[in-house]
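[1] Sequence first, then the predicted structure, then my questions.
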Amino acid sequence: MKLYDKAYVEMTRLFEVLKPGAKEWSLAQAVDPERLPAHIAIIMDGNGRWARGRGLPRVAGHRAGMESVRVAVDTCARLGIRALTLYAFSTENWKRPRAEVHTLWRLLRIYLRRELPEMHRNGVRVTAMGRLDELPAMVRQELDAASELTAGNTGLRLNVALNYSGRAELVDAVNAILDRARSEGTFPDVRVDEDAIASNLYTAGLPDPDLLIRTSGEMRISNFLLWQIAYAELYVTDLLWPDFLRADLLNAILDFQRRERRFGGLGPDRRARTADVEYAGALGNME
Ligand code: FPP
């Protein structure tokens with residue numbers, strides 16, 4: 001092992017909390033610290049089903065899901081992952097019963113209060129994204145306090161999507177571009193390109209997610225990070241979110257490391273084989 005490589009040194013923080021011989025230990029040993037996803041995004045799904053399966057109210061599933069959030073944040077921070085975006089509340093989630101929505105906000109506040117000191121110690125920087133001005137004032141205050149406290153941290157960026165919708169994010173980005181053009185007097189001539197959109201998204205400055213995880217087996221994107229996941233590797237597991245723990249996240253990362261990412265090009269073993277070149281040449285002669 002190259003002991004002095006930053007990536008390896010960073011990962012030793014994960015081994016500090018693992019037991020030698022445990023399943024998580026051998027999974028962590030298999031992870032290549034130099035090929036980690038820079039940004040992991042997670043659609044945390046299945047809390048309700050987890051609770052129903054145990055004869056409990058849905059909110060008990062959300063409560064249990066908080067532990068999976070804690071574990072995911074801790075694991076990513078200790079691995080040296082740059083960013084973790086969690087889909088905690090979509091703009092469509094307001095359609096749920098008032099009591100459930102209220103409990104979700106309470107749980108978020110409890111989580112922040114309980115976990116902030118440890119996250120801060122671990123160098124985690126907390127941010128939130130979405131139409132945050134529509135959140136209850138108490139939640140906004142708590143989020144603002146967490147992001148202010150951790151603003152100078154350079155470790156994992158924990159980005160919580162709240163009142164979030166991928167389409168709304170794109171609309172907000174385009175409107176921000178138009179507003180700026182109006183205020184700068186360039187409106188009639190404004191042109192929109194990919195860089196302009198990307199730099200006006202809520203995720204501006206973050207790398208696009210390399211790995212998008214969804215729990216509970218649903219094969220859907222559910223309006224999450226529509227722009228940013230253009231080349232993300234998808235990982236869907238049947239596990240329900242409260243059952244998705246450290247070993248499962250390590251398994252997802254290992255699966256990611258086995259993928260061949262081509263970004264629309266060709267993989268290393270398929271580049272310009274002689275037969276392909278000759279065939280293309282022959283097609284040229286037919287014209
Ligand atoms: C989806 O499960 C989950 C949510 C809408 C909320 C996720 C919230 C938490 C994990 C709690 C705390 C969050 C943070 C960031 C501390 P679902 O209710 O749609 O499950 P179902 O599909 O089985 O009904």
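    Received the coordinates, thanks.
[2] How many residues are close by the nearest residue to residue 236 once chain neighbours are set aside?
    Among residues not flanking residue 236 along the chain, residue 214 sits closest, at 4.9 Å (Cβ to Cβ, 6 or more residues apart in numbering). Any C-beta I mention is one placed from the backbone N, CA and C, and that applies to glycine too. Neighbours of residue 214 under the rule other Cβ atoms under 10 Å: 23.
[3] so what's residue 214 up against?
    Applying Cβ atoms under 8 Å, 6 or more residues apart in numbering, we find residue 214 in contact with 42-43, 45, 220, 234-237.
[4] what do you get if the cut-off is 10 Å, keeping everything else the same?
    Contacts for residue 214 (Cβ atoms under 10 Å, 6 or more residues apart in numbering) come out as 41-46, 87, 220-222, 224, 234-237, 241.
[5] Return the subset of those residues lying in strands.
    Counting by DSSP state E, the part of the contacts of residue 214 found in strands is 41-43, 87, 234-236.
[6] Just give me the neighbour total for the residue in the stretch 1-150 of the chain that the ligand sits nearest to.
    The ligand sits closest to residue 48 of the stretch 1-150 of the chain, with a gap of 2.5 Å, by Cβ to the nearest ligand atom. By other Cβ under 10 Å, 21 other residues sit near residue 48.
[7] Assess the claim that it and residue 100 are in contact.
    Yes. Under the criterion of Cβ atoms under 10 Å, residue 48 makes contact with residue 100 at 8.8 Å.
[8] overlap in contacts of those two?
    57-59, 62.
[9] and which of those is nearest residue 146?
    Residue 146 lies nearest to residue 62 out of these, by Cβ to Cβ, at 19.0 Å.
[10] thinking again about what came up before, quick check on the residue nearest to residue 236: phi, psi?
    Residue 214 adopts backbone torsions of phi -130, psi 130, taken as degrees, to the nearest 10.
[11] gap between it and residue 148?
    According to Cβ to Cβ, to the nearest Å, residue 214 and residue 148 sit 31 Å apart.
[12] Then residue 98?
    Distance of residue 98 to residue 148, computed by Cβ to Cβ: 30 Å.
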